[in-house]
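Asker: sequence and predicted model, in that order:
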Amino acid sequence: MKKIGTALRGLVRADLEAVFAYAHSLQNPHRVLVVSLGLAAVFGLGVVDALSSPYVGFALFYAMTIMGVTFHGGWVAGTIVAIMASGASLTSNLLYAPDEVSSVAALWDLGNEIAVFVSLVLIVHQLRTMFDKLADQSSRDLLTGALNTRGILEAFERERSRAQRNASPLSLAFIDLDNMKRVNDELGHAEGDEMLRILATGVLSAIREADVFGRVGGDEFALILPDTDEQAAVKAIQRLRSVVNRRTHARSPYISVSVGVVTFRRDPPDASDALRAADSLMYVAKRAGGNRVAGRVLAWDSEPLGEFGLVFDLAEPLPSWQVGDEDYGSATA
């Protein structure tokens with residue numbers, strides 16, 4: 001209901017972004033299920049249509065069923081249901097006066113029904129495509145092609161809910177480019193923008209399909225690592241750091257990345273608190289000299305965030321440590 005209220009307020013403000021985002025958030029059920037429900041609805045409508053008076057029309061209800069199936073199941077599913085709805089409507093009409101309708105007239109009526117319903121399918125399919133594109137643009141950073149802050153927050157909330165249901169670990173990394181001010185001052189903002197694109201391309205090429213990457217600030221990025229414990233997160237960040245450094249050093253040798261990574265063993269916090277935790281660790285890495293990673297494992301509770309210590313540092317050989325809910329190990333210097 002909260003999402004629906006947001007969408008309606010968006011319409012009142014003539015701001016359709018909330019509507020697009022809500023439509024995009026409606027996850028498609030399995031197409032077989034959608035088609036099955038659609039066909040069951042058409043069958044039920046056909047029975048009611050056949051038992052009702054010939055002066056009572058059900059075209060609107062057939063159309064609503066077709067629209068719902070098309071929106072959730074795609075144009076193929078919508079077309080299947082549209083054809084069956086046309087047949088059910090014609091059958092009901094023939095039952096009233098089978099001797100008064102010629103074969104040619106019946107075929108003509110069937111063709112008209114199919115044409116109208118299939119046209120409706122195409123219109124709804126185009127609208128759904130437009131909704132999806134606009135919703136994607138509203139959560140996408142135009143410069144790098146990665147998600148924007150809104151997209152990252154929404155993605156983290158989805159992964160947070162899944163981690164809670166499955167009792168699986170969830171890691172979040174906060175990535176910042178070192179020396180970006182120097183790039184902008186010496187080489188210009190156009191080169192700085194290109195450096196951001198290089199970083200985003202490098203990260204996107206190195207992460208898994210399940211991982212989520214986005215830009216949350218000027219030269220700050222976030223990476224969500226579902227089903228990833230602290231050791232797997234370290235390996236992932238090592239790989240990313242290697243890829244990013246190799247690509248950025250080809251243009252600016254003094255560019256590097258500082259990363260804060262936090263792993264939630266259970267009960268991850270909401271997105272804003274999680275980002276704040278990873279952001280705090282990123283600043284630990286920067287204060288330690290930059291071009292390194294600081295990380296921590298958390299079993300989240302209701303206590304306010306405290307100061308973070310340097311737990312491991314990938315600028316130096318990674319030490320071995322035993323990690324518990326409160327025993328996070330220490331870095332070697």
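Answerer: Ah, there it is. Numbers count the residues shown, from 1 in each chain.
Asker: please save the CA atoms from the helix or strand containing Glu159 in PDB.
Answerer: With elements delineated by DSSP states H and E, Glu159 resides in helix 149-166, which encompasses its position. The C-alpha atoms that make up helix 149-166 are tabulated as PDB, following Å, rounded to 0.1, in the frame of the first residue of the first chain:
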ATOM      1  CA  THR A 149      22.100   5.900  -5.400                       C
ATOM      2  CA  ARG A 150      18.400   5.100  -5.600                       C
ATOM      3  CA  GLY A 151      19.100   1.900  -7.500                       C
ATOM      4  CA  ILE A 152      21.700   0.800  -5.000                       C
ATOM      5  CA  LEU A 153      19.400   1.500  -2.000                       C
ATOM      6  CA  GLU A 154      16.500  -0.500  -3.600                       C
ATOM      7  CA  ALA A 155      18.800  -3.300  -4.600                       C
ATOM      8  CA  PHE A 156      20.300  -3.600  -1.100                       C
ATOM      9  CA  GLU A 157      16.900  -3.700   0.500                       C
ATOM     10  CA  ARG A 158      16.000  -6.600  -1.800                       C
ATOM     11  CA  GLU A 159      19.200  -8.500  -1.000                       C
ATOM     12  CA  ARG A 160      18.700  -7.600   2.700                       C
ATOM     13  CA  SER A 161      15.300  -9.300   2.700                       C
ATOM     14  CA  ARG A 162      16.600 -12.300   0.900                       C
ATOM     15  CA  ALA A 163      19.600 -12.600   3.300                       C
ATOM     16  CA  GLN A 164      17.300 -12.500   6.300                       C
ATOM     17  CA  ARG A 165      15.000 -15.200   4.800                       C
ATOM     18  CA  ASN A 166      17.900 -17.500   3.900                       C
END
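Asker: return the list of helices and strands in contact with the next helix or strand along the chain from it.
Answerer: Stepping forward along the backbone from helix 149-166, the first helix or strand reached (DSSP H and E) is strand 170-178. On a contact count with 3 or more CB pairs under 8 Å, 6 or more residues apart in numbering; DSSP states H and E, strand 170-178 meets helix 149-166, helix 189-206, strand 220-226, helix 230-249, strand 256-266, helix 271-287. The C-beta positions use only the backbone N, C-alpha and C, and glycine is treated the same way.
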